[in-house]
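Asks: Okay, sequence plus prediction incoming.
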Amino acid sequence: MLHLLFAAVITVAPAAGAADSAQAPPRPQAKAPQASPSKAADPVAEAYYQFVLGRRLAGEGDVEGAVKAYKRALELDPASADIPAELAEFYAGESRVRDAIDWAERALTQAPAHMNAHRVLGLIYADLASREASGATASADTTYRTQAIDHLERALAQATGDPAASMRLTLARIYLQHASVDKAIATLKQLLADNPWLPQGVSLLSQAYTSAGRSADAIKLLKDAAAMEPAFYQTLGETLEKGKRFTEAAKAYEQALAQDPADNNLKTRLAFCLLSLEDRASMTRARDLLTAVTTANPTQTWPLYLLSRADRALGDLDGAEASARRLLAISPSSTSGAHALAQVYEARREWAKLVAALEPVAAGQTKGREADIALLLTHLGFAYIELGRQADAVAAFERAITLDPQDADLKSYLAQAFVNGKQYEKALTIVRGLRAVDASDPRLARLEADALCGLGRFDQGVAILKPLADAATGDLTPLVALSEFYGTNGRYADAAAVLRTAVAKAPDDLSLQFQYGAMLDRQKQFAEAEQVFRQVLAKNPQHAPSLNYLGYTMVERGSRLDEAISLIKKAVDLDPHNGAYLDSLGWAYLKLNQLDQAEAPLRSAAAQLPRDSVVQDHWGDFLARKGRFAEAAEAWRRALAGDGQQIDRAVIERKVRDAAAKSGKD
């Protein structure tokens, strides 16, 4: 209703420490006389009597009586501008907008500079502009906004006290909504000069500073305000959070929470900032806060999503899944719930479960949540790739692009799906379009190189990657991309040479040292590779990739199997759902002929990595050892159809023939 909006606009809350709330513009407080003056009295006096009577009747809720009195007053004093201005304000309070405008304009015909008439019109047009901006035509919004600004600026030229404060607030909001940031700042600075630490003024000025790119000014304003009045800590936290200054934002929210320990919204915002810090202590504190919030408000979805994220970050995947399922139970079509569950399944590498959970949600209604569905399709696309369902991956990414065409990453994912599906020309078309915009992106360069290599143009792929690698200084990703390209295509010596350069440039980067050790191992330089892995582990005993790789190479050589298993177990403890680590552990037990202990990790690895030729080969060996020859043959066929890395095809083909013969099948 307009009268509520009108009242809200013209009411100014006091600054901290003010004695009473400021109300609408002051009116004469004289009591209405008990009887009308005599008929012989001056008409102006009678007009005043009717004016005061109108106010009294309005206060008592007698609308018709008030209007009658005001109009009688105007008949007696037709030259008055105050009476139609008063009647305009009365009609505005009754939501009779057209009448309010007409009477305010009549007041201005009598007195073109009448402050109260301009004020009423300015506030009415400001309200109409905000309504039009949220639903009707832009042209109407512009017209009302222009009129609101004109009338409010005219009124402010004369106003003082509370009326001036309320108009400045309204005018500043209009300026902010329509990008007149400098005017908003000037208006709000004057407002706060007259009304220090007025909450609405401080909040709007901080917004204006932020919109103008003056975040330092916004934060200083709010810090000063919070020092005067702790209620500002929440706004300070929100401003710092928007600027991704999560450590400072968390401290501000802690201060705000100290003022109101039961505020679950503050707890949730604090938890979000703590999760963004990513250290274990902060994430533990976030989980505790979110547990309290979701216990007090079990049907709120955002805290449940954050709780799932906290549990997942702390390694409690069962807890993360439980929170995600609670969210989905509340809202079965929730994209945030599906996203949370997808992240749990990704952490476990449970691709088939991810697909089963997300396909129904992604197939649902998209209107109004296109970007969210596109995100779910992205999860699905990568799961399809892991499951070897390349056509489904392509379809998922193509649909995601139609839903969120501005996301350039989706096009690179589609190009990757085309590479995996051996549709190299289609991949080239996409990636070259992307590289025309950003030729320096090493990820895109690697995709183009992979597509060229798939077309038998390996040297052209190198020519794409090498200039970026040679120019790399601070960011060594281009060197890694080139080394991986060499390594994937069996050029291990070239890959090692590139990594030597990278390690020299970043001697503390353990991931580079690990990859260098792997390339030495691929060249059968076992002693040198082991030395590199042990150097990495001396610096970080929990470097899971080095623990696994070193243990696996020892298993492959049949040396120190007990130590090898110990190393691999440590890697599995650090990342219990990593299929590569599980395969290493199962393979070690198989080498020791401990079939009962080998089965579970090998089965899990094979289910998780259906395209990994080595993993499928190991699973086939286990099945054959158990006499399950038909299943073994299927596993080996998957190995032949997989990525082809690190296998001898002729050996596996012979295994398939032998297994088929033993199972009585061709």
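Replies: Now that the structure is in, tell me what you want to look at.
Asks: my guess is R435 meets D441, correct?
Replies: Yes - counting by Cβ atoms under 8 Å, R435 does reach D441; the two are 7.1 Å apart. Where C-beta positions appear, they are placed from N, C-alpha and C, glycine not excepted.
Asks: Next secondary structure element downstream of the lowest-mean-pLDDT helix or strand in the chain?
Replies: When the helices and strands of the chain are compared on mean pLDDT, DSSP states H and E, helix 2-10 comes out lowest with a mean of 37. Heading C-terminal from helix 2-10, the first helix or strand you meet, by DSSP states H and E, is helix 43-59.
Asks: pLDDT on that next one, on average?
Replies: For helix 43-59, the mean per-residue pLDDT is 86.
Asks: any idea of the mean pLDDT in the next helix or strand after it?
Replies: Next in sequence after helix 43-59, counting helices and strands by DSSP H and E, comes helix 63-76. Across helix 63-76, pLDDT averages out at 88.
Asks: ok, residues contacting helix 63-76?
Replies: 43-44, 46-51, 53-55, 57-58, 80, 83-84, 86-87, 90, 94 (Cβ atoms under 8 Å, 6 or more residues apart in numbering).
Asks: Buried only: go through those residues for me.
Replies: 46-51, 53-55, 57-58, 80, 83-84, 86-87, 90, 94 (16 or more other Cβ atoms under 10 Å).
Asks: ok, now which ones touch I430?
Replies: K411, S412, L414, A415, F418.
Asks: what about the helix or strand containing the last one, average pLDDT?
Replies: Using DSSP H and E, the secondary-structure element containing F418 is helix 408-420. Averaging pLDDT along helix 408-420 gives 95.
Asks: C-terminal to it, which secondary structure element comes first?
Replies: Going down the chain from helix 408-420, the next helix or strand is helix 424-437, by DSSP H and E.
Asks: moving C-terminal of that next one, what's the next helix or strand?
Replies: Per DSSP H and E, helix 424-437 leads on to helix 442-454 as the next helix or strand towards the C-terminus.
Asks: Name the nearest of the contacts of I430 relative to S333.
Replies: Nearest to S333 among the contacts of I430, counting by Cβ to Cβ, is L414 at 25.7 Å.
Asks: List the contacts of the closest one.
Replies: By Cβ under 8 Å, 6+ apart, the contact set of L414 is V394, F397, E398, I401, I430.
Asks: same check, this time on I174
Replies: Residues near I174 by Cβ under 8 Å, 6+ apart: A126, A129, R145, A148, I149, L152, S180.
Asks: if I look at the residue lying closest to Q147 once chain neighbours are set aside, how far off is A165?
Replies: Counting by Cβ to Cβ, 6 or more residues apart in numbering, Q147 lies nearest to Y125, which is 4.3 Å off, once chain neighbours are set aside. Look at Y125 and A165: by Cβ to Cβ, to the nearest Å, they are 19 Å apart.
Asks: Same question for R457.
Replies: Counting by Cβ to Cβ, the gap from R457 to A165 is 72 Å.
Asks: Who has more neighbours out of these two?
Replies: Per other Cβ atoms under 10 Å, whichever of R457 and A165 has more neighbours is A165, with 25 against 15.
Asks: In CSV, list the C-alpha atoms belonging to whichever strand or helix holds the more buried one.
Replies: Counting by DSSP H and E, the element that carries A165 is helix 161-177. Provided in CSV are the C-alpha atoms of helix 161-177 (Å, rounded to 0.1, in the frame of the first residue of the first chain):
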residue,chain,number,x,y,z
GLY,A,161,15.7,18.8,9.9
ASP,A,162,13.9,15.5,9.6
PRO,A,163,12.1,16.3,6.3
ALA,A,164,15.5,17.0,4.7
ALA,A,165,16.9,13.8,6.1
SER,A,166,14.1,11.6,4.7
MET,A,167,14.3,13.3,1.3
ARG,A,168,18.1,12.9,1.1
LEU,A,169,17.7,9.2,1.8
THR,A,170,15.1,8.8,-0.9
LEU,A,171,17.1,10.9,-3.4
ALA,A,172,20.3,9.0,-2.7
ARG,A,173,18.5,5.7,-3.3
ILE,A,174,17.2,6.9,-6.6
TYR,A,175,20.7,8.1,-7.6
LEU,A,176,22.2,4.7,-6.6
GLN,A,177,19.6,2.7,-8.5
